[in-house]
Each structure stands twice: as structure tokens, then as C-alpha cells.
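In: My questions concern the predicted model and sequence given below.
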Amino acid sequence: MLSRCGRLLLLHDLGLRFPRVTRRPFFLCLHRLMKPLVVFVLGGPGAGKGTQCARIVEKYGYTHLSAGELLRDERKNPDSQYGELIEKYIKDGKIVPVEITISLLKREMDQIMASNAQKNKFLIDGFPRNEDNLQGWNKTMDGKADVSFVLFFDCDNENSNLSSVNKASY
């Protein structure tokens, strides 16, 4: 008997008892038992978020998710239910509604964990961007993901990756 995800786990192997009514083995998808472990990665442009995320991915096996990249990809997708709305918010220079951003992040984490149950550690780059984003995350993802900590890169303009670009343009 196979589940939709193709990864079966017999509850008996976990030491759990079967309901008395059936006494038959009950199968679960392993990725549904694990919650994502999340690290929020924040900092200004050129602070080194992408560089450090790449190093963390390589050394510690995290998966790097960029909120901005997910939004841009969704905006380009012709089959997207959110594409036009995202486009409007970005053109107006506004922050996309938190429900949409969280939905995209959750969908991506679920897909990654479904394809590899051991891939449950995520670096989320560029989210939350404000207090409303954080409250939305807490409300929507409470009990569905564990935030380990926030990694914040604070860098002045002289030391940022953009400083050489800025100097070259003057």
C-alpha cells in the first residue's frame, strides 16, 4: 500500500498503537510528521545574505528560499492565481499581502519536504519584512513550522557589496 508521497512510515515502527477498532497498520507520509525548521535571514541589499546563505546551505544542508524570488517566479507563472495581484503590488511599490507570501513559502517547503523528507531545514531570505509579516507568519504557521532564530546582517554602506558599485557610478 503506497501513499501519495511514496514515503511510508508504519506507526508501529514508531512505537504507537493501532486503534482497537481495526488493529491494522496505519501508514503515514514521513514528511507530514516533521515540521520545517526555519531561520529567517534579514539584512539590507549588499549585506551578504546570499553569500552567507550559500555557505550555510553547503556546510549545514539547509535549503535557501528567497521570498522575493518566489514572488517573482509566481508573478511570471501564467497559471498563477496570484500573478496579477503580485504584479500590481510590485508595480505600486507596495509589500505583497502576507497571506500570499506565506502561502508561497509554505507550498515550497511542503514540496521540498515531500520530495526528500530529510530536507526540513530552511533559510528564508527577505521575510518577514515588517511587523505585519511576522504577525501573519505567527498566525498562519503556528504549530506548522519552528523558527529557530533570525540571522540579521547589519552592514554599513562602506562595507557592503554594493559600495564598489556605488563608488564606480560616481
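Out: That came in fine, so what should we check first?

In: where do the strands sit along the protein?
Out: Ranges of strands within the chain are 8-10, 27-29, 37-43, 63-66, 121-125, 146-153, based on DSSP state E.

In: out of those, deepest packed?
Out: strand 121-125 (a mean of 22; mean count of other Cβ atoms under 10 Å). Quick note: C-beta positions are derived from backbone N, CA and C, even for glycine.

In: now for that one, which elements pack on it?
Out: Applying 3 or more Cβ pairs under 8 Å, 6 or more residues apart in numbering; DSSP states H and E, one finds that strand 121-125 contacts strand 37-43, helix 49-60, strand 63-66, helix 67-76, helix 98-115.

In: what's in contact with it?
Out: Contacts of strand 121-125 with the rest of the structure, by Cβ atoms under 8 Å, 6 or more residues apart in numbering, involve 36-41, 49-50, 53, 56-57, 60-68, 105, 109, 112, 151.

In: what's the angle between that strand and helix 49-60?
Out: Counting by axes from the mean of the first three to the mean of the last three Cα atoms, to 10 degrees, strand 121-125 points 170 degrees away from the direction of helix 49-60.

In: any idea of the mean pLDDT in strand 121-125?
Out: For strand 121-125, the mean per-residue pLDDT is 97.

In: Pull the distance from that strand to the chain's centre.
Out: A distance of 5 Å separates the centroid of the chain from that of strand 121-125, by Cα atoms, centre = their mean, to the nearest Å.

In: Give the burial count for the closest residue to residue 145 other than its chain neighbours, as a bare number.
Out: Ranked by Cβ to Cβ, 6 or more residues apart in numbering and with sequence neighbours excluded, the top spatial neighbour of residue 145 is residue 36, at 4.5 Å. Using other Cβ atoms under 10 Å, residue 36 has 24 other residues around it.

In: Could you pull up the residues touching residue 36?
Out: Shown in contact with residue 36 (Cβ under 8 Å, 6+ apart): 109, 113, 120, 121, 122, 144, 145, 146.

In: one step back: do you know which of the strands of the chain lies nearest residue 95?
Out: strand 37-43 (14.1 Å; Cβ to Cβ).

In: and that closest one, which strands flank it?
Out: According to DSSP bridges, strand 37-43 forms sheet pairs with strand 121-125 (parallel), strand 146-153 (parallel).

In: remind me which residues of this structure are low pLDDT?
Out: Scanning the chain for pLDDT under 70 picks out 1-33, 157-170.

In: Centre-most residue in it?
Out: In the chain, the C-alpha nearest the mean C-alpha coordinate belongs to residue 105, at 4.3 Å (Cα atoms, centre = their mean).

In: Residue 89: neighbour count?
Out: When neighbours are counted by other Cβ under 10 Å, residue 89 comes out with 17.
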